[in-house]
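Asks: Quick one: sequence plus predicted model below, questions after.
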Amino acid sequence: MPVVLKKGGCNCKKTGCLKMYCECFSSGRMCGAECSCCNCCNHSEEVHSIEKAKEAAKQRHKRAFYDPLGGPVVKR
């Protein structure tokens, strides 16, 4: 069974929302209106930056962007 993510936003201040401790980034979704982050780079105009950050995170954290049971992450 896939992991269901809660709705809500992040409140990142210095990371540009491109680190694993950003709720949105780590769950594989882009930041939205519900977020209160500053200097966000996790939105549709920064796709190249997001992909680059995801690849770097996957190299550091082998199971990044996967739920603990190995199934897909469901965005709601």
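Replies: Right, received. Where do you want to start? All values reported here derive from a predicted model rather than from experimental measurement.
Asks: Give me the buried stretch members for the longest helix along the chain, please.
Replies: Longest helix of the chain, by residue count under DSSP state H: helix 47-60. Buried residues in helix 47-60, counted by 16 or more other Cβ atoms under 10 Å: 50, 53-54, 57. The way it works is simple: take the backbone N, C-alpha and C, and place the C-beta from them, glycine included.
Asks: where does the chain dip in pLDDT?
Replies: The model of the chain has pLDDT under 70 over residues 1-7, 66-76.
Asks: of all the buried residues of helix 47-60, which comes closest to residue 31?
Replies: Relative to residue 31, the closest of the buried residues of helix 47-60 is residue 50; by Cβ to Cβ it sits at 10.2 Å.
Asks: What are the neighbouring residues in contact with that closest one?
Replies: By Cβ atoms under 8 Å, 6 or more residues apart in numbering, residue 50 lies in contact with 18, 25, 30, 41-42.
Asks: What of residue 14?
Replies: 38-39.
Asks: can you tell me how far it sits from residue 55?
Replies: According to Cβ to Cβ, to the nearest Å, residue 14 and residue 55 sit 21 Å apart.
Asks: Any idea which residue is closest to the centre of the chain?
Replies: The residue lying closest to the centre of the chain (Cα atoms, centre = their mean) is residue 25, at 1.0 Å.
Asks: what about that residue, which SS state?
Replies: Here residue 25 is recorded as helix under DSSP: H, G, I helix; E, B strand; the rest coil.
Asks: wouldn't it be in contact with residue 18 here?
Replies: Yes. In this structure residue 25 lies within contact range of residue 18 using Cβ atoms under 8 Å: 5.9 Å.
Asks: okay, and the common contacts of the two?
Replies: Joint contacts of residue 25 and residue 18 (Cβ under 8 Å, 6+ apart) are 42, 50, 53.
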